[in-house]
Each structure stands twice: as structure tokens, then as C-alpha cells.
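S.K.: Model the following, please.
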Amino acid sequence: MKYVVLVSHGTFAPGLHSVLKMLGGGDRADVLSASMEDGMGADVFVERFQKTIAGIHPEDEIILLADIIGGSPLTNALDVLSQRGMLARTRAFGGMNLPMALTASMMKDALDGDTLAASLISESQNAIQEMKLALEEEEEADI
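M.R.: Numbers count the residues shown, from 1 in each chain. Here you go, the predicted model:
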């Protein structure tokens, strides 16, 4: 089975997980999340992450999405996965956003690993744009 696992600082990962449930049609066993909340030590996060991934087996695959590369949630998650011998079956990404997570959860079984990785990065980058606002002249005068 392929899993999408979200990790972050604060409540970003669980919040994003909640949005994926809303957009993806409810709770799914193949999408998991764990977060390192304010004031939480790495040891507590590691314990939380271990519980989150307890149902994942060594033969399963993991798409690990994190808020930032080099952050404690990602580095600790990778340490846990390494200790469980699961790094070879894990693809890790930083800079997660909703388009990336949605693509991962919806396309993980339809695309091979490299194609999925390219798609995740492309979708994530394409979502980052400035929205150009067209203001009418009288609205501008009021500002």
C-alpha cells in the first residue's frame, strides 16, 4: 500500500489533512498526519509519529510531505523511518502545500514514483502565483 504522510510544525499537517478529507471524500487510511506543536520536544513528536505510522508495514511505500526541508518534524520522521528500515521505500518532499498534498493523495496509485515526484513539484510550484486584481478606477480613487 502507498501512504501519504504529512508532518509539520504547529497544526499545519493536521489542518491540511482535514482539508484533504473534505476535498477527497472523507477519512482515508492511506493519508496520515503528525505535527510538532509549540513547546513539544522532539521526543514527544517522535512518539506521536511512531503511533501515526504504526500500521505501515516495511513493504509499504511512503510519500512523506513536510512543511520545510531540514525542519525537526521532517528530520525526526526520517530518523524513525530509517530505524524501521523504511527509507528505501520513502520519497520525501519539503514545502508542502494543498495542491501538492492533494495530488499526492489522489494520484499516488496512478503514477510511478518519478512521474509522481515531478507532478508533486510541478503542482506545488504552479500553485504559487500572485493574483492580479483588476480594480476599477473609482475604487482606486477611494483607496
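
S.K.: contacts for the longest strand anywhere in the chain?
M.R.: As far as residue count goes, and with DSSP state E defining each element, the longest strand of the chain is strand 2-9. Contact with strand 2-9 is made by 13-14, 16-17, 30-36, 49, 52-53, 56, 60-68, 71-74, 77, 96, 101, 104-105, 108-109, as judged by C-beta atoms under 8 Å, 6 or more residues apart in numbering. Placement of C-beta: from N, CA and C, glycine included.

S.K.: Which members of those residues occur in helices, if any?
M.R.: Counting by DSSP state H, the part of those found in helices is 13-14, 16-17, 49, 52, 72-74, 77, 101, 104-105.

S.K.: Make JSON lines from those and add pLDDT to it.
M.R.: Written out in JSON lines, the entries for the ones in helices among the contacts of strand 2-9 read as follows (pLDDT from 0 to 100):
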{"residue": "A13", "pLDDT": "97"}
{"residue": "P14", "pLDDT": "96"}
{"residue": "L16", "pLDDT": "96"}
{"residue": "H17", "pLDDT": "96"}
{"residue": "F49", "pLDDT": "98"}
{"residue": "T52", "pLDDT": "97"}
{"residue": "S72", "pLDDT": "96"}
{"residue": "P73", "pLDDT": "97"}
{"residue": "L74", "pLDDT": "98"}
{"residue": "A77", "pLDDT": "98"}
{"residue": "A101", "pLDDT": "95"}
{"residue": "A104", "pLDDT": "94"}
{"residue": "S105", "pLDDT": "93"}
